[in-house]
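Student: return atomic coordinates for the entry below.
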Amino acid sequence: MPRSIFSYIYPAGCFGLPELKESRCALCGNLNMDCSCTECEHPVVMDGGERKCGVRGCLEHLLDRELVARIETLDAQLDNLRQEAVRREIPTLPCPECGEVQTVTIYNSGPYLCHGYFYAGEKHGWIRKGRY
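Tutor: Now for the predicted structure:
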């Protein structure tokens, strides 16, 4: 369903709003409507005359040093996000049959199965399959 700033219940275009596109900015990664980039002031030739590019988050006209700086910033952010994901990993309780401990990661939130048991979190532990 199209996205609306009021709710997903209402289709885009309601309340006199223009249709909102779901495409993302190539530079900042936000939806085009939430793009945090400024318009590109790089001069381009259009219709025989020179005008400014005017595209928000234009990758084509970034200077090499700006592109490298952006890559380094995003690499550092990605490393920090990966470290946080590893920090949030938690071990399961040992399996009642074999004693194996699995790691609950945010990439794979389950289900965790072992010897006919299902891991239902720290509160409930391992539950025999068919009894939940």
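
Student: tell me the secondary structure of the nearest residue to P111 once chain neighbours are set aside, please.
Tutor: Spatial nearest neighbour of P111, excluding adjacent residues (C-beta to C-beta, 6 or more residues apart in numbering): F118 at 6.0 Å. C-beta here means a position set from N, CA and C on the backbone, and glycine is covered the same way. Counting by DSSP: H, G, I helix; E, B strand; the rest coil, the backbone at F118 sits in strand.

Student: what pLDDT is listed against L62?
Tutor: Turning to L62, the model gives it a pLDDT of 83.

Student: if I pick it, what's in contact with it?
Tutor: L62 makes contacts with 27, 70, as judged by C-beta atoms under 8 Å, 6 or more residues apart in numbering.

Student: distance check, it against Y117.
Tutor: 53 Å (C-beta to C-beta, to the nearest Å).

Student: you'd agree the residue nearest to P111 is up against H124?
Tutor: No: assessed by C-beta atoms under 8 Å, F118 is found out of contact with H124, at 9.4 Å.
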